[in-house]
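Asks: Could you look at this predicted model? Sequence included:
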Amino acid sequence: MVGPSIIFYIFFAIPYIFVMYWLVKQDKKKYVWGLVVITAIAVLGIVVSQRASRIAVQNYKQHQIDAREIEKENSLDSLKNL
């Protein structure tokens, strides 16, 4: 899975967005800057999560490649020792 986990969205992202928008709506003067800042933070959080997930998948794939190479070397060494 390349994208962030559904658990991340359910327990962190969606409640955070709702709470932040609710807090901004409580402001009597309805500052637009508050909405802009909160939206920017939410978007930045999702972008960072996407990037971290992509990097984790790349690291996992590289780990699999490295493990196969090590396994191949070990099997060649064991055949030489026979």
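Replies: Cool, got the structure.
Asks: only C-alpha atoms for contact and neighbour calcs from this point on.
Replies: Fine.
Asks: Please report the distance of the most centrally placed residue in the chain from K80.
Replies: Here the mean C-alpha position of the chain is nearest to the C-alpha of S49 (C-alpha atoms, centre = their mean), at a distance of 3.0 Å. Separation of S49 from K80 (C-alpha to C-alpha, to the nearest Å): 47 Å.
Asks: if we can go back for a sec, tell me the predicted confidence for the residue nearest to the centre of the chain.
Replies: According to the per-residue confidence, S49 scores 79 in pLDDT.
Asks: tell me which element it is part of?
Replies: Assigned by DSSP states H and E, S49 belongs to helix 32-81.
Asks: How far away from the center of its chain is that helix?
Replies: Between the mean C-alpha location of helix 32-81 and the chain-wide mean there is a distance of 9 Å, by C-alpha atoms, centre = their mean, to the nearest Å.
Asks: and I17, how many neighbours does it have?
Replies: Summarising burial for I17: neighbours were counted as other C-alpha atoms under 10 Å, giving 16.
Asks: Roughly how far does W22 sit from V47?
Replies: Distance of W22 to V47, given as C-alpha to C-alpha: 22 Å.
Asks: Counting neighbours, which bits of stretch 43-57 end up buried?
Replies: For stretch 43-57, burial by neighbour count (16 or more other C-alpha atoms under 10 Å) applies to I46, S49, Q50, S53, R54.
Asks: for stretch 24-34, same thing?
Replies: Counting neighbours by 16+ other C-alpha under 10 Å, one finds that the buried residues in stretch 24-34 are V24, G34.
Asks: Need the CA coordinates for it. PDB is fine.
Replies: Below are the C-alpha coordinates for stretch 24-34, written out as PDB (Å, rounded to 0.1, in the frame of the first residue of the first chain):
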ATOM      1  CA  VAL A  24     -12.100  28.600  13.800                       C
ATOM      2  CA  LYS A  25     -15.900  28.800  13.500                       C
ATOM      3  CA  GLN A  26     -16.200  29.600  17.200                       C
ATOM      4  CA  ASP A  27     -14.300  32.800  16.500                       C
ATOM      5  CA  LYS A  28     -16.900  35.600  16.400                       C
ATOM      6  CA  LYS A  29     -14.900  37.700  13.900                       C
ATOM      7  CA  LYS A  30     -14.600  34.800  11.400                       C
ATOM      8  CA  TYR A  31     -10.900  35.400  10.500                       C
ATOM      9  CA  VAL A  32     -10.100  34.000   7.100                       C
ATOM     10  CA  TRP A  33      -6.400  33.700   8.100                       C
ATOM     11  CA  GLY A  34      -7.300  31.000  10.600                       C
END
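Asks: Cool, thanks, signing off.
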